[in-house]
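**Student:** The following comprises the amino acid sequence and a computationally predicted model.
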Protein chains: 2
Amino acid sequence: MRVVILGAGFAGLEAARALADTEVQVTLVDRHNHHLFQPLLYQVATAALSPGDIAWPIRAIFRRQRNLTVLMAEVEGVDAAARRVRLRGAAPLPYDRLVLATGATHSYFGHDEWAGVAPGLKTIEDATAIRRRLLLAFERAELTSDAEARRELLTFVVIGAGPTGVELAGAMVELARHAMPRDFRRINPAEARVVLVEAGPRVLPSFPEDLSAVAEASLRRMGVEIRTGTRVTGADGHGVQCGEERIPAATMVWAAGVMASPAGAWLGAPRDRAGRIQVAPDLSIPLMPEIFAVGDLAAARDGAGKPVPGNAPAAKQMGRHVGRLLAAEARGAAQRPDFAYRHHGDLATIGRRSAVVALGRWRLTGRLGWWFWGIAHVWYLVGFRSRALVSFQWLWSYATRQRGARLITEAPPAEQPVTTRAS
Amino acid sequence: MRVVILGAGFAGLEAARALADTEVQVTLVDRHNHHLFQPLLYQVATAALSPGDIAWPIRAIFRRQRNLTVLMAEVEGVDAAARRVRLRGAAPLPYDRLVLATGATHSYFGHDEWAGVAPGLKTIEDATAIRRRLLLAFERAELTSDAEARRELLTFVVIGAGPTGVELAGAMVELARHAMPRDFRRINPAEARVVLVEAGPRVLPSFPEDLSAVAEASLRRMGVEIRTGTRVTGADGHGVQCGEERIPAATMVWAAGVMASPAGAWLGAPRDRAGRIQVAPDLSIPLMPEIFAVGDLAAARDGAGKPVPGNAPAAKQMGRHVGRLLAAEARGAAQRPDFAYRHHGDLATIGRRSAVVALGRWRLTGRLGWWFWGIAHVWYLVGFRSRALVSFQWLWSYATRQRGARLITEAPPAEQPVTTRAS
């Protein structure tokens, strides 16, 4: 049996792993060469970690899984009738079973013109671009002699107060208040404003309400200005418009909405408003039993009919479910089990020494929550090298309040594309 | 006294440090926000280290030096008559003494069209661009089914066999033969060719001859093809032309020539063929006693009339000389001492466990040389954090033969430039 998996995020990776030690011939396709630990991407964007600390070559992860081939390629579409995946610049890839795990990207709710001024945070490139803007704003503030421009440069707006928005805002205010101040002579970085804008009534809307209250109080104490119940109606290079109020700001980050990748459209599969494929209980696509959708691409429901959240643990569970199901099928199983989602908890950090954690009815907040959060995340990193590097850098930052990866890097110089004669 | 230093490489940094604890008001200007440890840049290009491991925010380095202001800005020129530096987007910067330490960049000897196909290695961006091409060549070779294209993709040419070229070629062949092989299914990365082309008669032309012979033998043993006495006469996206011979290759790196930055032209100062400013014995510019040139920008001579080499130790010595001279001048000294260059030795690594070191008449080669080289380089890194990170990653690579930073990152998405109202 030939299984093709598209996407090497959490869901695709788990599906591939569950097929180890089977007779199945697996091909894992991704347009990047690396698997990215997205939950820590905000730490790259705020100069705490380097990209290499939280990303690993996909082929190095599967070095020992000899039934698996990794291809770095752009998928152009799926020919479901012929059971083939079309790749850019390479021969089409035939499959017996196809697993779609291509994830989601940010959505500007019809305002794509905001993408240029308020970048989202999904890839390494996004993270280094945000880091560049953030650090450059302080540099330019030090350089300018215009007071109004300086205020604009020292105002940072995060749009969307889900876990990513909350973690970004917390890390930004810490950067400004604790890591930067002694480094500048003309400005006081501690005077920087960080504004967190959320359309809903509370921060961390998907978390239990009591934790939202704790998180909001912590953020305010750290110096984050919070505007809940506030919808962004405009954005340009000099600020955002929130109804009547204008917030002048040179740097904005979009953490408000996501949209599934276009894999559903390749197949004409039924989708919800966010573009996610409405899957059957076994995570296959209705009327296409040989194709599955997992992770952020899938609109799945748990046993009680509640939507499965779009986070890393859910993606891993879905990937593992489909991988195991296919392994059983390869061994001759006729029945496919339904996917059963298990919610373990919610967690988010708020700055350097504080986090909120909900595990069922249990709550951990403040410093204890932070340690739990830190250990849980180091645990889930791939390999000894990353665990050691991330732990060391966190402990170093914890002790010194410094950031280790404060690099402003430019776009690479214009280069001639590397072409092959074959393609 | 107001001292302005342009450039925060080794020379500029040492000049600034030598002015600590003086009454001098120092401004250090660089177009990057970071000081880069260039001797290890080839390790970023070959995926052994992350950019953040060998670069530090300039302002963090000078956090405690309260008489120093760091500005990240592009210099547009020097108005020597008015004693002002013109900066892009900021007010002109007046000075009493000016130190030019703007370094050098690669020179294609009149063939600037080669820049697109054979990038040089001077900045973080150069290093990540080379890393991207190198890793992408293996990915594309795995993807293609055309044998000729595959051979081209698996051929890597390094042009120029100075220390950078030798270190790059050694690291590339190790990457192909030791780190990569088990990661691919369709190609055998160990079959990759690495060709080192040098116009002169031997590798490491600036080193003692016996060390060149040792280095050449080591490189050949590791699998590097060496073409000395060979001049590149053409280069395009599919290979290089060396006289009669054509070497088909998708990836080329330029390590052959350097050209001083244009600071000399700003002033109309006398320059040599490589654009370096011909300085007086005290490193000031003839007829402009208030302006100094140090590091790769300066064509200085030692006591015996021999040219001072363009390497990191020489740059540091020049920077320190001018910094001390200005500190003395600020205290009222009337005499300026001449610069006296002291040559400590030469060293270059050749792959993972081998290096050549010349210290006067002493020689260290092979594994002993490598340990000496490694410890010397860790010693010169800035701060505990980098020393710990680099040491850990080297020991990890040494033990596992793996590379930790195998990331292919794209150019950041098109972004709207961050503009300020003032500029």
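**Tutor:** Nice, thanks for sending it over.
**Student:** Report the separation between the residue of the stretch 1-150 of chain A found nearest chain B and residue B:267.
**Tutor:** Of all residues in the stretch 1-150 of chain A, the one sitting closest to chain B is residue A:146 (3.3 Å; Cβ to the nearest Cβ). C-betas here are computed from N, CA, C, even on glycine. For residue A:146, the distance to residue B:267 (Cβ to Cβ, to the nearest Å) stands at 30 Å.
**Student:** Comparing the two, which residue is more hemmed in?
**Tutor:** Ranked by neighbour count (other Cβ atoms under 10 Å in any protein chain shown), residue A:146 and residue B:267 place residue B:267 first, with 21 against 14.
**Student:** Okay, that one and residue B:290: tell me how far apart.
**Tutor:** Using Cβ to Cβ, residue B:267 is found at 11 Å from residue B:290.
**Student:** does residue A:157 sit in a helix or strand, and which one?
**Tutor:** strand A:155-159 (DSSP states H and E).
**Student:** For the very next helix or strand once past that strand, name the packing helices and strands.
**Tutor:** The helix or strand immediately downstream of strand A:155-159 is helix A:163-174, counting by DSSP H and E. On a contact count with 3 or more Cβ pairs under 8 Å, 6 or more residues apart in numbering or on different chains; DSSP states H and E, helix A:163-174 meets helix A:41-45, strand A:155-159, strand A:193-197, helix A:209-222, strand A:224-227, strand A:346-349.
**Student:** Nearest to chain B, out of those?
**Tutor:** Checked against Cβ to the nearest Cβ, the stretch from these lying closest is helix A:41-45, at 9.6 Å.
**Student:** wait, does the closest one contact chain B?
**Tutor:** No - Helix A:41-45 is not in contact with chain B by Cβ under 8 Å from any Cβ of the partner chain; minimum separation 9.6 Å.
**Student:** So what's the gap between that helix and the chain middle?
**Tutor:** Computed by Cα atoms, centre = their mean, to the nearest Å, the chain-centroid distance of helix A:41-45 equals 10 Å.
**Student:** Equivalent analysis for stretch A:275-293, please.
**Tutor:** A distance of 23 Å separates the centroid of the chain from that of stretch A:275-293, by Cα atoms, centre = their mean.
**Student:** One more: stretch A:40-50?
**Tutor:** 12 Å.
**Student:** Ok, stretch A:100-114 next?
**Tutor:** Worked out by Cα atoms, centre = their mean, stretch A:100-114 lies 12 Å from the chain centre.
**Student:** so is residue A:105 in a helix, a strand, or just coil?
**Tutor:** What DSSP: H, G, I helix; E, B strand; the rest coil gives for residue A:105 is strand.
**Student:** For it, name its beta-bridge partners.
**Tutor:** residue A:259 (DSSP bridges).
**Student:** what's the burial count for the nearest residue to residue A:92 once chain neighbours are set aside?
**Tutor:** Leaving out its chain neighbours, the residue that sits closest to residue A:92 by Cβ to Cβ, 6 or more residues apart in numbering or on different chains is residue A:84, at 4.3 Å. Around residue A:84 there are 17 other residues, counting by other Cβ under 10 Å.
**Student:** can you check the one 10 residues further on too?
**Tutor:** The number of residues packed around residue A:94, counting by other Cβ under 10 Å, is 13.
**Student:** beta partners of the closest residue to it other than its chain neighbours?
**Tutor:** Excluding the flanking residues, the one nearest residue A:94 by Cβ to Cβ, 6+ apart is residue A:84, at 5.2 Å. Beta-bridge partners of residue A:84, counted by DSSP bridges, are residue A:79, residue A:94.
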